[in-house]
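# Need coordinates for the following:
(2 chains)
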Amino acid sequence: MPRLRFCRVFALAWLLLAGPASAVDLPGSAVRLAWLKVPGAPDPTSSLTAWAQEIRLRTSIDIAAQPVGVRPEDPALFSYPLLYWGGDKAPARLSDQAVAALRQHLSTGGMLFVDNLGRTEASQAFDQGVRHELARLFPQPLQRVAPTHVLYRSFYRLERPVGRRADAHELEGIRVGNQFAVLYGRNDLAGALARQSVGVYALAVVPGGETQREQAFRLAVNLVMYALCLDYKDDHTHVMHLLRTRRGAKAPVAGTPPPPPILPPKPEP
Amino acid sequence: MNHGDHLEWGLHWAWPIWLLVGALSLAVVVLAAWNIRKLPSKRRRALLLVQRTLTVASVLAVLAQPTWVSRSLRPGGQRVAVVVDRSASMAHGPEGKTRWDLALAAAARIERKQPVAWYTMAQRLEPARSLAEVKARKPDGQSTDLLAALADLGDARRTGGLSAVVLVSDGLDNGPLQARTAADAKTLDAESAETLDRLRVGVHAPAIDDATPVRDVAVTALRASAFGFTRTFMPVTVELELSGYDAADGELTLTLRDNGRVAAEKKLPLRGPARRAVDLEFQPLHVGPHLLEAAIAPLPDEATVVNNQTWAALQVVRDRTRVLHLAGHPSWDTRFLRAHLRGNPAVDLVSFYIMIGQGAAGYVSGEDTTLIPFPTREIFEESLSSFDLVIFQDFPFGPFQVERYLSELHKYVTGGGAFLVLGGRQSLSGGGYYGTALAEWLPVKLEPLQGADVGWEEGPVTPMLTPAGALHPVSLLAADADGNNKAWNRHAFSGRNTSLRAGGEGNVLATDTAGHPLLAVADIGDGRSAVLASDSLWQWAFPPQAATDARDTSRDDYHRLLDQLTAWLLHDPDLNALRLEPPTEPVPSGEPVRVRVTARSAGGQPVSGLTLRWRLAPLEPPPDKAAPVKPLAESKAWQEPTDEHGEVILALPDVPPGPHQVQVEAVVDGRNQQAGAPFAVAPATREASRLQPSEALLRLLAKSSGGQFWHENVPATGIPLPRQADAELMDLDHSDLWTRPEVMLWLTLLLGLEWALRRRWGLA
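Next up is the predicted model:
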């Protein structure tokens, strides 16, 4: 773990110190994080930039370094299937056009992560306001995301969702089809990711400190992986592998059946 | 009067009445004698007693209703029916002589001894006027039905008396007699026995050609399910019958072909049991009608090769489409493709995404993640052939030791697999595929990277259909040409792979405005391949215009293009406007081959009044190099158009035996559509299924009819005949004597004599 942490810190420092030249956006075919420019919503560029940097560092995803803000009514909304919407106070009411565009976006393959940025606890005003706006998007209410959901396995194995805070023990979401098109976290994920211009983290993470911040980064990675891979890790192949390699699994005993194969069986004649 | 004519009595009364009548008659005679006891002349007494006794006896005789039975006989002159088998198996024989020759010689030997009624037989009995007429016939009958011939002979006997039947045959019956005695050749069933009984004469048979073993291998059956599933191993049993090779060294080669392509092969030793069932298995590759052929390579000394193959029709369906999806990294293209594939319940999707970059390994601990090792060996060595479609989506081969398996991928595709390359920075030339085994057969030609070219160019790309693309079923997004062009023009890509050019076996369907290939397809052997040189097809499924126009349906183009691309890669017959249903069994030689053709438009509507052109072609595996669709050469117009259901049945006449495919073409939706379907016309091989002469049936017929089976030849003494064989009973004539006027005259005479004697002698 110390070696990993050193490598990560070194790499991040290099990315940051390299300045704008190395933070050049990858061209349009790359994944780009986008945040909803709705009235009253804070600018999460710092957090999303760090989020993208961690994605680039840890995964093979071709992700643009710079996030972009986009108004829901803007047709460019459909250039960014993954959207971020954070806030710590009551959000302004979305226009009907924005609601229609967002509904279309999320119904046809887009995904929205809603982040409650409350400082000491989840903002009730934001919570109530965003639930109201989401109810305008979809009739179905937010539902709990079970701890067994593939989101918690899409890249990292996660026990629970944390952010800068850890008081909410679960995510909530709205399903469209078989996938969650909306995910709602109340632990200020962006706060855990945010950095100052010199590279140090902007906010302290409570109560778990840096270990919790790492878990927050992992959740951020898993969210993007879930957006891009959907239920990939629910595939037979991966489930079998996870069963074989899960933590706490006993070492195979001589004479026990061999582990299941990586590939699913061929069709029988 | 003939020998055997006799008198029969009616005797219809019960015996007590006869006893009474007898007693009364005796009493009458005694009284008559008593009455004339006083006559002085002994001579007169005796004469009257005789007269009265005769009268009583005559009355008694009339009461007994005598009937004269006379036999009508037809002079036979010791005639023998000689029936010579002229089925095709008689054309074989030892050392230059055919069994037909031997049979004619045996028949001539009979003629020298006895009068003969001549017949030949195959399916039925065929009368002949003379041996010369028999000799003029050919041993070419296409089946042998001994029982039917004997039954015909039984019927024929009503007009001509016979005293014996000689059956000159090799005993290779393939009619009901063979079927009835297949299990037990020592007893005759009741129905067959009745046929023999109707002959009333013995059936004799000489052995023909039993000494020399015939060397032949016959494929007697090909047993397979009528339905199969694509890429699922299917068991097949081939039944063989070998004769004359019991002690031979060497081996024979059994080949199973699927639509003309060698699907399985097995070598078998010649030495061994005569009847064998050989199990094979194969993978049908494509959906639709298939024709299986089991064939034995001809052996040098085989008596005939016409029975060396047989066919079976097979309908192959796809239960699930097994797709292997390899992605170089998660992306929006990956996400939308996965959603598309997962949205089809008939797709069995196996995915492997490279989720961690080369440089990230140091920052990510394996035990904290759900990453699994990329199963290169399992995929490319063990499981590749089980997939219907393999997709490389911006997939680099380098980091995973895949390069050495790229030739396996070629084998997979040429063997009937489907391969789709979706572009991106790590794909095609940008992925270093130039110069690899893969680059040799892709639908586009890869070029080496030059200077700053990284194999990828970012920026908006407007796709344009090529002339080939405007007609190809893959790129058909609208039924009419204008609509299709508009559909393509409303979409764009945000980047494309460079260092590509059209060429090779590919068919470029879409390019950018500068003519660089974007979408290309190719037939590769039995399989197909396609390249889409961009990683932003997902934008078709997520169009900006959907934000402002709820009625926008342009995102359907994404699914339609992928569905059509997949269907084409998988040879899905539903993509074709013409669907053919060939016969489900080999068609007997000489019968017309009926093929149902259904024509449907791109919208699925039946096309009526459509004139089809057709031709027959040999059933051969497709060429390695794809040929562009051209009008069928030497095709003929079918006189009948499609009906209101879009259907028409082609009844193809005079199709020679063997495997064929019928090719049909028509213009549907302004495009030349072609379809083909395999079928087989079975040669007349019933006679060739077995060639070794069989004594068993001949022995059984002889034994059951009271005839003889001669091992050597017809006896020099001639055919043994029954004693009365010179005449034949035709009928029995019953003549009632007691009703005849002569009887009344006799009685009147007797009574008149009584009256005259009594008057003359002065008696009272």
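
# Then B:Val648 would be within a strand, right?
Yes: when classified by DSSP: H, G, I helix; E, B strand; the rest coil, B:Val648 is found to be part of a strand.

# didn't it look like it was pressed against B:Trp614?
No: here B:Val648 does not reach B:Trp614: they are 10.2 Å apart, not a contact under C-beta atoms under 8 Å. The C-beta positions use only the backbone N, C-alpha and C, and glycine is treated the same way.

# hey, what's in contact with both of the two?
Counting by C-beta atoms under 8 Å, 6 or more residues apart in numbering or on different chains, the shared contacts of B:Val648 and B:Trp614 are B:Trp638.

# ok, which stretches of chain A are helices?
A:2-17, A:45-58, A:96-107, A:124-137, A:189-193, A:209-229, A:236-245 (DSSP state H).

# Return the most buried member of these.
helix A:189-193 (a mean of 28; mean count of other C-beta atoms under 10 Å in any protein chain shown).

# near chain B, anything from that helix?
No: Helix A:189-193 does not reach chain B (C-beta under 8 Å from any C-beta of the partner chain); its nearest approach is 15.7 Å.

# now for that helix, which elements pack on it?
In terms of contacts (3 or more C-beta pairs under 8 Å, 6 or more residues apart in numbering or on different chains; DSSP states H and E), helix A:189-193 is packed against helix A:45-58, strand A:111-116, helix A:209-229.

# What lies in contact with that helix?
A:44, A:47-48, A:50-51, A:54, A:84, A:86, A:113, A:115, A:117, A:161-165, A:201-203, A:205, A:212-213, A:216-217, A:219-220.

# and A:Ser79, which of the helices of chain A is closest to it?
A:Ser79 sits nearest to helix A:96-107 of all the helices of chain A, at 10.5 Å, using C-beta to C-beta.

# touching chain B at all, that closest one?
Yes: Helix A:96-107 is in contact with chain B by C-beta under 8 Å from any C-beta, via A:100-101, A:104-105.

# now for that helix, which elements pack on it?
By 3+ C-beta pairs under 8 Å, 6+ apart, helix A:96-107 packs against strand A:111-116, helix A:124-137, strand A:179-185, helix B:545-548.

# try 6 Å this time
helix A:124-137, helix B:545-548 (3 or more C-beta pairs under 6 Å, 6 or more residues apart in numbering or on different chains; DSSP states H and E).

# Ok, which of these comes nearest A:Arg71?
helix B:545-548 (11.0 Å).

# picking that back up, of the helices and strands packed on helix A:96-107, which is nearest A:Gly69?
helix B:545-548 (16.5 Å).

# thinking again about what came up before, between the residues of helix A:96-107 next to chain B, which is closest to B:Arg490?
A:Gln104 (17.0 Å).

# hmm, stretch A:46-54 in reach of chain B?
No: Stretch A:46-54 stays clear of chain B (C-beta under 6 Å from any C-beta of the partner chain), getting no nearer than 9.1 Å.

# which residues are in contact with that stretch?
Residues from elsewhere that reach stretch A:46-54 (C-beta atoms under 6 Å, 6 or more residues apart in numbering or on different chains): A:15, A:33, A:63, A:65, A:67, A:190, A:193-195, A:217, A:220.

# That stretch: how far from the chain's middle?
Chain-centre distance of stretch A:46-54: 11 Å, with C-alpha atoms, centre = their mean, to the nearest Å.

# quick one: average pLDDT of it?
Averaging pLDDT along stretch A:46-54 gives 95.

# Show me how the record splits chain B into domains.
For chain B, automatic domain parsing gives the domain ranges B:6-71+B:734-761, B:77-212+B:692-725, B:217-317, B:321-571, B:576-682.

# quick revisit: just so I know, which of the helices and strands packed on helix A:189-193 lies nearest B:Gly515?
helix A:209-229 (32.8 Å).

# Which elements pack onto the closest one?
helix A:45-58, helix A:189-193.

# Residue 59: how many residues sit nearby?
Defaulting to chain A. 25 (other C-beta atoms under 10 Å in any protein chain shown).

# that answer is for a different chain, and I need it for chain B
16.

# Now do the SS call for it.
Criterion first, three-state DSSP; result for B:Val59: helix.

# circling back to that earlier point, format the helices and strands packed on helix A:189-193 as a markdown table; extra columns: distance to B:Thr230.
Shown next, in a markdown table, are those (distance: least, C-beta to C-beta, whole Å):
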| stretch | distance to B:Thr230 |
| --- | --- |
| helix A:45-58 | 40 |
| strand A:111-116 | 35 |
| helix A:209-229 | 28 |
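
# about what we covered before: quick check, nearest of the contacts of stretch A:46-54 to chain B?
Nearest to chain B, judged by C-beta to the nearest C-beta, of the contacts of stretch A:46-54 is A:Ile63 at 9.5 Å.

# residue boundaries of the strands in the stretch 451-600 of chain B?
Ranges of strands in the stretch 451-600 of chain B, per DSSP state E, counting those that start in this stretch, are B:456-461, B:464-465, B:493-497, B:500-502, B:507-511, B:517-524, B:527-532, B:578-581, B:587-588, B:593-599.

# Just send the ones you listed back as JSON lines, with mean neighbour count, distance to chain A and mean pLDDT too.
Formatted as JSON lines, those follow (neighbours: other C-beta atoms under 10 Å in any protein chain shown; distance: least, C-beta to the nearest C-beta, whole Å; pLDDT from 0 to 100):
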{"stretch": "strand B:456-461", "mean neighbour count": "18", "distance to chain A": "3", "mean pLDDT": "90"}
{"stretch": "strand B:464-465", "mean neighbour count": "20", "distance to chain A": "20", "mean pLDDT": "94"}
{"stretch": "strand B:493-497", "mean neighbour count": "24", "distance to chain A": "4", "mean pLDDT": "92"}
{"stretch": "strand B:500-502", "mean neighbour count": "19", "distance to chain A": "17", "mean pLDDT": "91"}
{"stretch": "strand B:507-511", "mean neighbour count": "24", "distance to chain A": "18", "mean pLDDT": "94"}
{"stretch": "strand B:517-524", "mean neighbour count": "26", "distance to chain A": "14", "mean pLDDT": "93"}
{"stretch": "strand B:527-532", "mean neighbour count": "27", "distance to chain A": "13", "mean pLDDT": "94"}
{"stretch": "strand B:578-581", "mean neighbour count": "20", "distance to chain A": "25", "mean pLDDT": "91"}
{"stretch": "strand B:587-588", "mean neighbour count": "17", "distance to chain A": "29", "mean pLDDT": "88"}
{"stretch": "strand B:593-599", "mean neighbour count": "19", "distance to chain A": "29", "mean pLDDT": "94"}
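
# That's all I had, so thanks and see you.
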